[in-house]
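Student: Take this sequence and fold it.
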Amino acid sequence: MKEVIKGKAVIFVGGNGSGKTTMALKELGNRPYVIYQANDIRINDVYSYPKNHGIIIEDVQHKPQKEKIIQLLMASDFLVLTSLDEKSIPKAIKDLCIMKRMGQKDLRQGAIMKLAPNCNSIMKYEMSIYDINMQYLKNSNRKEVVELIKYNRPADLQLLSWVQPNVNINCIARADDIMRRWHIDYFYEILSYSYEGNHKGRVEFPKRNAYSPIPKICNKLGLKRKDAYLVKLLLEDDAYKNWAISVLDKDECKILGLTKPRKKTIRLLNTKLGDY
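Tutor: Got it, this is the predicted structure:
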């Protein structure tokens, strides 16, 4: 089954303007073709469609007609699909296709530059916290940075935690002081204009703190987290102490100052059939 399906259909994944449809047309060659949206495929009988004609199905990530697409994948020899992202593609369709990623670069900008060489490149305003952090650190146009932050509206504490490892703490002290006391737009502006955007060198990222093992230990001992202060008192009882050692693993016993005995292993040396 896999040998028949392999190479039968290609799905191009990429952002708007990444050239998905252009690559799909190249994949079909010079043969006639039709283009349908994945949620509006107007082919009633998939086996009546000419086998030497091509089909392009676009936006498979948005409410696709899954059963009909699977039938077309099994019946058509020249079928190409496109999608804006890989995560939203149904697994049943993804398993029958070869994935080709086109990236997120908007190739339409190149065509515009040929017509108008002096035009400004369009900036994509939808950004992740990583991209926002890079703009904050390296973009000297602070008005543009404020607009980007206000458009995406990241959480105040999250934004501070990403910025803090790379700047002098005195730069963001005022923003930290008025955080959640003033309107968040004032916070974005004060934070943005408190730094010049001239960061050089390596960018540091926030590190997640290690989780405390205390809640897990309390759960194993049948206690709530707020009752953690009772553990040392309970361990004074020998019966409870022995039970706790049997329930907890070696590392958890070490945290509580307990010693977990090693398991005894019985080794049989030079055993023969007659020994049994």
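Student: Please point out which parts of stretch 45-62 sit buried.
Tutor: 46, 54, 55, 56, 57, 58, 59, 60, 61 (16 or more other Cβ atoms under 10 Å). Backbone N, C-alpha and C define where each C-beta goes, glycine included.
Student: Likewise for stretch 130-148?
Tutor: 132, 133, 135, 136, 137, 139, 142, 145, 146, 148.
Student: so of the residues you listed, which ones are in helices?
Tutor: 132, 133, 135, 136, 137, 142, 145, 146, 148 (DSSP state H).
Student: Just send these back as CSV, with pLDDT too.
Tutor: Formatted as CSV, these follow (pLDDT from 0 to 100):
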residue, pLDDT
132, 93
133, 92
135, 92
136, 92
137, 93
142, 92
145, 93
146, 94
148, 93
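Student: ok so residue 81 is a strand residue?
Tutor: Yes: assessed with DSSP: H, G, I helix; E, B strand; the rest coil, residue 81 lies in a strand.
Student: Who does the residue nearest to it when sequence neighbours are not counted form a beta bridge with?
Tutor: With Cβ to Cβ, 6 or more residues apart in numbering as the criterion, residue 81 has its nearest non-adjacent residue at 4.1 Å, and that residue is residue 11. Per DSSP bridges, the residues bridged to residue 11 are residue 81, residue 99.
Student: contacting residues around residue 11?
Tutor: 60, 80, 81, 82, 83, 89, 93, 94, 97, 98, 99, 100 (Cβ atoms under 8 Å, 6 or more residues apart in numbering).
Student: Neighbour count says what about those residues? Which are buried?
Tutor: 60, 80, 81, 82, 83, 89, 93, 97, 100.
Student: all strands for the stretch 51-200 of the chain, in order.
Tutor: 54-58, 79-83, 98-103 (DSSP state E, counting those that start in this stretch).
Student: Any chance of JSON lines for the ones you listed, columns distance to residue 166?
Tutor: Converted to JSON lines, the strands of the stretch 51-200 of the chain look like this (distance: least, Cβ to Cβ, whole Å):
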{"stretch": "strand 54-58", "distance to residue 166": "41"}
{"stretch": "strand 79-83", "distance to residue 166": "35"}
{"stretch": "strand 98-103", "distance to residue 166": "27"}
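Student: Apart from its neighbours in sequence, what residue is nearest the residue nearest to the spatial centre of the chain?
Tutor: Centroid-nearest residue in the chain: residue 87, 9.4 Å away (criterion: Cα atoms, centre = their mean). With Cβ to Cβ, 6+ apart as the criterion, residue 87 has its nearest non-adjacent residue at 7.9 Å, and that residue is residue 61.
Student: doesn't residue 82 make contact with that neighbour?
Tutor: No: applying Cβ atoms under 8 Å, one finds residue 61 not in contact with residue 82, separated by 9.2 Å.
Student: Now residue 86: closest residue in space, sequence neighbours ignored.
Tutor: residue 13 (5.0 Å).
Student: pretty sure the one you found is in a strand, no?
Tutor: Yes: counting by three-state DSSP, one finds residue 13 located in a strand.
Student: can I have stretch 134-149 written out in CSV, keeping just the CAs?
Tutor: The C-alpha trace of stretch 134-149 is given here as CSV (Å, rounded to 0.1, in the frame of the first residue of the first chain):
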residue,chain,number,x,y,z
MET,A,134,14.6,40.6,18.8
GLN,A,135,12.8,43.7,17.6
TYR,A,136,13.0,45.3,21.0
LEU,A,137,16.8,44.6,21.3
LYS,A,138,18.0,45.4,17.8
ASN,A,139,15.5,47.8,16.2
SER,A,140,16.6,51.4,16.7
ASN,A,141,13.2,52.8,15.5
ARG,A,142,11.4,52.8,18.8
LYS,A,143,8.1,54.1,17.5
GLU,A,144,8.0,51.0,15.3
VAL,A,145,8.8,48.8,18.3
VAL,A,146,5.9,50.3,20.3
GLU,A,147,3.5,49.7,17.4
LEU,A,148,4.6,46.1,17.2
ILE,A,149,4.3,45.5,20.9
